[in-house]
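Peer 1: just the structure for this:
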Amino acid sequence: MTTAVATRDGEAAAMGVAIRSAIPAALRGAVPAAATGAGAAIPDRVARTVERVAILAGAGLLLLLVVSLEDGATKLSVAREALGGYWGVIAWPAAAMGAVVTASVAWRLVLWATYRPVPALDASDPRLPAVTVLVPAYNEGACAGECVRSILASDYPADRLRVVAVDDGSRDDTLAHIRAAAASDGAGRALVVSLPRNGGKRGALHAAFARADTPVVVTVDSDTILPRDAIRALVTPIVLDPGVGGVAGRIEVLNRDANVLTRMLGVRYRIGFDFVRASQSRIRSVFVCPGALTAWRMDALRGGIDAWRDQRFLGATCHNGDDHALTNLALSRGYATIYQGNAVARTKVPEGYRGLSLMYLRWARSNVRESLRWMAMVPRLARRARNWPAIADGLATFVQIPLRLYLLLFGYGLLLVHPSLFLRSVAAALVFSVVHVAVYLRSERSLDAAYTVLYAVFSLLTLQWVYPWAAVTVRRARWLTR
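Peer 2: Numbering: from 1, shown residues only. Below you'll find the predicted structure:
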């Protein structure tokens, strides 16, 4: 991460120009000129000062909450009296949730502070293996073609790079754009597969896997653009460490400047990768390697791809969570999954609340399902002491799912009894958001760090229903975007 931070400002500007020139005029109305760059830059000295202020503000808010506990207990007496002996059914789970969340954040801060990406091998290094990049596409139009072009423009050794692009029965001109992109490569490194009808992302990826014969494959979503060094950086840890089965890249938001929502998502993505996955990488267990940019050692997946395609849960075929399921497959075989923060991809995100909520619902359903599958693996993983930190981290995350579901209804009930508790909920959200401000500023010296605080309040007010609803409807397997 230190290397990434030191060169971030120059890379952001260069990346913006490169991607901007790669996007045809038809798309430029949807992707603003500044979408691929950073927000207003902050000098290092100012950023370090803001980091310290953010940490102090978080500590101050936490102290304020602690000092106000006595007053809060007094105000909650109405609810306590109304519930009588049933008070414990709320108080104890709430205390457990608070303890787990606080401990998890503290634990991840320690891991995050010590994370560094593996320096990428030079493009001339003979150790770089043959790689096949898999691109499933459905109704992405010109963007799918530009995705393929960005891959073919990589500085990876040309004789060791292949692309398999699968059109999953698109109803628009996606196939034509993919074919045009493939034809533009004089070396003939791109294979285009056209499926007669839409069968879902897993089916399209399975068709691509079937045509890959290299020791390493990379998955890339068709609405994603890669910089020239992304694949080389992504593959490096697999080359240097035989125990690594999957490498997650860093996903950033391509249409970041479209509106306030995409600005917040830009921050959310950065925290999800440069904080959550960076910390998980330190214990060699990234729980979700994203389909938008992940390198897989084929030995970690071999023999399990058919079962992955045909996966069922509670009798229903699984269409969502293909990336999470692949991660579980690699972990179940004893391979490590890590995060490579210097391997970047930029992808389009929803620009409205409906699209956002459907995306989160899809993620949450797959997370509930795959977390249950991961739990079934724990007894076997626990036989090796090196897995214990990852198991502790995973259990802390998993236990929050039922606690959140259990407490949601009671939480709304308490707000009705005493509306002033809402202010404490906002204060608690702000406590954790200022930690994320410091994390964000370490990754990017940008005023967009302010969107971290805004997202915390936005999430509290509008997204708390997602996980509970996902848990209740986990059997529903619709992709929601296909």
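Peer 1: need the longest strand for this protein.
Peer 2: strand 336-347 (DSSP state E).
Peer 1: and it, how far from the chain's centre?
Peer 2: With Cα atoms, centre = their mean, to the nearest Å as the basis, strand 336-347 stands 10 Å off its chain's centre.
Peer 1: can you list the low-confidence ranges for the stretch 301-450 of the chain?
Peer 2: Scanning the stretch 301-450 of the chain for pLDDT under 70 picks out 406-425.
Peer 1: any idea where the helices of it begin and end?
Peer 2: 305-309, 322-332, 353-381, 388-417, 421-443, 450-462 (DSSP state H, counting those that start in this stretch).
Peer 1: by contact count, what packs against the longest strand of the chain?
Peer 2: helix 2-6, helix 8-22, strand 224-225, helix 230-240, strand 244-253, helix 278-282, strand 293-297, helix 322-332 (3 or more Cβ pairs under 8 Å, 6 or more residues apart in numbering; DSSP states H and E). Quick note: C-beta positions are derived from backbone N, CA and C, even for glycine.
Peer 1: re the thing from before, need the helices of the stretch 301-450 of the chain in CSV with mean neighbour count and distance to Pro290, can you?
Peer 2: Below are the helices of the stretch 301-450 of the chain laid out as CSV (neighbours: other Cβ atoms under 10 Å; distance: least, Cβ to Cβ, whole Å):
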stretch, mean neighbour count, distance to Pro290
helix 305-309, 16, 16
helix 322-332, 23, 6
helix 353-381, 18, 10
helix 388-417, 16, 17
helix 421-443, 19, 17
helix 450-462, 18, 19
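Peer 1: compare the ones you listed and give me the one nearest Leu152.
Peer 2: Leu152 sits nearest to helix 322-332 of all these, at 23.0 Å, using Cβ to Cβ.
Peer 1: make a markdown table out of the helices of the stretch 301-450 of the chain and add distance to Thr114.
Peer 2: What follows is the helices of the stretch 301-450 of the chain, written out as a markdown table (distance: least, Cβ to Cβ, whole Å):
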| stretch | distance to Thr114 |
| --- | --- |
| helix 305-309 | 33 |
| helix 322-332 | 22 |
| helix 353-381 | 23 |
| helix 388-417 | 13 |
| helix 421-443 | 12 |
| helix 450-462 | 22 |
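Peer 1: contacting residues around Gly199?
Peer 2: Listed by Cβ atoms under 8 Å, 6 or more residues apart in numbering, the contact set of Gly199 reads 168-169.
Peer 1: distance of the residue nearest the centre of the chain relative to Thr214?
Peer 2: Residue closest to the mean C-alpha point of the chain, counted by Cα atoms, centre = their mean, is Gly272 at 5.3 Å. In this view, Gly272 and Thr214 are 29 Å apart by Cβ to Cβ, to the nearest Å.
Peer 1: show me what the helix or strand harbouring Tyr269 is packed against.
Peer 2: Element membership of Tyr269, judged by DSSP states H and E, is helix 260-271. Secondary-structure packing of helix 260-271 (3+ Cβ pairs under 8 Å, 6+ apart): strand 244-253, helix 353-381, helix 421-443, helix 450-462.
Peer 1: walk me through the domains of this structure.
Peer 2: According to automatic domain parsing, the chain comprises the domains 44-115+390-472, 131-384.
Peer 1: give the burial count for Gly188, as a bare number.
Peer 2: By other Cβ atoms under 10 Å, the residues close to Gly188 number 9.
Peer 1: helix/strand/coil for it?
Peer 2: With DSSP: H, G, I helix; E, B strand; the rest coil as the basis, Gly188 sits in coil.
Peer 1: any idea of the pLDDT on it?
Peer 2: With respect to pLDDT, Gly188 has a value of 91.
Peer 1: how many neighbours does Tyr156 have?
Peer 2: 24.
Peer 1: no wait, Ala158
Peer 2: Ala158: 12 surrounding residues under other Cβ under 10 Å.
Peer 1: gap between the nearest residue to it once chain neighbours are set aside and Leu161?
Peer 2: Nearest non-adjacent residue to Ala158, counting by Cβ to Cβ, 6 or more residues apart in numbering: Ala187, 6.0 Å away. Note on Ala187: its distance to Leu161, by Cβ to Cβ, is 9 Å.
Peer 1: ok, those two, which is more surrounded?
Peer 2: Leu161 (24 against 10).
Peer 1: pretty sure that one is touching Val131, no?
Peer 2: Yes. In this structure, Leu161 is within contact of Val131 by Cβ atoms under 8 Å, at 5.7 Å.
Peer 1: OK, contacts around Thr473?
Peer 2: Per Cβ under 8 Å, 6+ apart, neighbours of Thr473: Arg365.
Peer 1: just the pLDDT for it.
Peer 2: 87.
Peer 1: check Val53 too.
Peer 2: Each residue has a pLDDT score; the one for Val53 is 58.
Peer 1: with the one 4 residues further on instead?
Peer 2: Among the per-residue scores, Ala57 holds a pLDDT of 55.
Peer 1: please apply the same query to Trp107.
Peer 2: Per-residue confidence for Trp107 comes out at a pLDDT of 87.
Peer 1: any idea which element it lies in?
Peer 2: Trp107 belongs to helix 88-113, assigned by DSSP H and E.
Peer 1: next SSE downstream of that helix?
Peer 2: Counting by DSSP H and E, the element after helix 88-113 in chain order, helix or strand, is strand 131-137.
Peer 1: got the angle for the helix or strand following that next one vs strand 336-347?
Peer 2: With elements assigned by DSSP H and E, the helix or strand that comes after strand 131-137 is helix 142-152. Going by axes from the mean of the first three to the mean of the last three Cα atoms, to 10 degrees, helix 142-152 is angled at 130 degrees with respect to strand 336-347.
Peer 1: from Ala343, how far out is the closest residue to Ala153 other than its chain neighbours?
Peer 2: Residue nearest to Ala153 in three dimensions, not counting chain neighbours: Arg228, with 6.1 Å by Cβ to Cβ, 6+ apart. Noted for Arg228: a distance of 12 Å to Ala343, by Cβ to Cβ.
Peer 1: what about these two, which has more around it?
Peer 2: Ala343 (30 against 15).
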